[in-house]
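Participant: sharing a sequence plus its predicted fold:
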Amino acid sequence: MDDDTFKGLSAITTATITMQLLKRGIRNVSMAGVRPLNEPVQRIVGPAYTLRYVPLREDLSTPAALGGADYPPRLAIEQAPEGSVLVIDGRGRGDLAVVGDLLTERLKIRGVAAVVSDGGIRDCTESLAVGLALYAAGPAAPPSVAGHTAADLQTPVACGGVAVFPGDIIVGDSDGVVVIPQALAAEIARDGVEQERYERFAKLKIQEGRPVPGVYPPNKKTKAEYAAWAESGGDEG
């Protein structure tokens, strides 16, 4: 993701992004049951680094396995790149935590942008105090090993009912989390900025007493008015 794409996606809302993806025939992009936990909300934009859990297999969740050097969650904490979003497939189990305050502390120190999961957050008050952006189902006391087995890293996962592939662009704000296919990120950023500029103009017209039909979406007259407004620098005025 180049700087212009990052800047554009940072300037637009997840609502705008879902509309832009809808126009391209991509509908299932907004995670269900995944909400911002920080107050105030920390907006996030970054490429996905994925971790997948599967249902518990007791023989694979022994103390030896959990302490192993190749245990996927431990690897994820140390390998997720700076600026990335660690997306954890928590199988929609909000009653099971996927990280706690020690792991969030390490992620914060390493420069990871956020954790996003449809699972829970353990030691939630302490985890939020770390200052890392957290988007999840909510607080949960039990650790992941109470019901999950760690499967693998950097593979396609499901999170909040949405498919997430490594490198997909994750954007989160007060409305939730959306997933942008990496190949579409630049055009979504470009067209999303233009969409929001028109919507600011449309709001002005509605505040002046104009009815919604003909303004949103615009008819030919409104399009001409918008073009003149934009040319005159009205958006900066």
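Facilitator: On my side now, so go ahead. In this text the structure is predicted, and so the values were computed from the model without any measurement.
Participant: for whichever helix in the chain runs longest, give me every contacting residue.
Facilitator: Taking DSSP state H as the criterion, the chain has its longest helix at helix 185-207. Applying C-beta atoms under 8 Å, 6 or more residues apart in numbering, the contact partners of helix 185-207 are 1-2, 4-9, 11-13, 16-17, 19-21, 169, 180, 212, 215-216, 218, 222, 225-226, 229-230, 234-235. All C-beta atoms are positioned from the backbone trio N, CA, C, and that covers glycine.
Participant: check stretch 95-102 too.
Facilitator: If you take C-beta under 8 Å, 6+ apart as the criterion, stretch 95-102 is touched by 51, 53, 73, 88, 90, 107, 115, 117, 119-123, 126-127, 129-130, 136, 140-144, 146-148.
Participant: next, the buried residues of the longest helix of the chain.
Facilitator: 185-186, 188-189, 191-192, 195-198, 201-202, 205 (16 or more other C-beta atoms under 10 Å).
Participant: the one helix or strand in the chain whose mean pLDDT sits lowest: what's the following helix or strand?
Facilitator: Least confident helix or strand of the chain, by mean pLDDT, DSSP states H and E, is helix 63-66 with a mean of 80. Of the helices and strands lying after helix 63-66 in sequence (DSSP states H and E), the nearest is helix 72-79.
Participant: and that next one, what's buried?
Facilitator: Neighbour count says helix 72-79 has P72, P73, R74, L75, A76, I77 buried, by 16+ other C-beta under 10 Å.
Participant: re earlier: which other helices and strands contact the least confident helix or strand of the chain?
Facilitator: Contact partners of helix 63-66 among helices and strands, from 3 or more C-beta pairs under 8 Å, 6 or more residues apart in numbering; DSSP states H and E: none.
Participant: related to what we said a few turns ago, mind putting the buried residues of helix 185-207 into JSON lines with pLDDT and distance to G25?
Facilitator: Formatted as JSON lines, the buried residues of helix 185-207 follow (pLDDT from 0 to 100; distance: C-beta to C-beta, whole Å):
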{"residue": "A185", "pLDDT": "98", "distance to G25": "16"}
{"residue": "A186", "pLDDT": "97", "distance to G25": "18"}
{"residue": "I188", "pLDDT": "98", "distance to G25": "13"}
{"residue": "A189", "pLDDT": "98", "distance to G25": "18"}
{"residue": "D191", "pLDDT": "97", "distance to G25": "14"}
{"residue": "G192", "pLDDT": "98", "distance to G25": "16"}
{"residue": "Q195", "pLDDT": "96", "distance to G25": "17"}
{"residue": "E196", "pLDDT": "96", "distance to G25": "21"}
{"residue": "R197", "pLDDT": "95", "distance to G25": "24"}
{"residue": "Y198", "pLDDT": "96", "distance to G25": "21"}
{"residue": "F201", "pLDDT": "95", "distance to G25": "27"}
{"residue": "A202", "pLDDT": "96", "distance to G25": "24"}
{"residue": "K205", "pLDDT": "95", "distance to G25": "29"}
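Participant: could you identify the most distant pair in those residues?
Facilitator: With distances taken as C-beta to C-beta, the most widely separated pair in these is A185 and K205, at 30.7 Å.
Participant: tell me the domain ranges of the protein?
Facilitator: Taking automatic domain parsing as the domain assignment, the ranges for the chain are 27-180, 187-231.
Participant: now do the shortest one: distance to the chain's middle.
Facilitator: Between the mean C-alpha point of domain 187-231 and the mean C-alpha point of its chain there is a distance of 27 Å (C-alpha atoms, centre = their mean, to the nearest Å).
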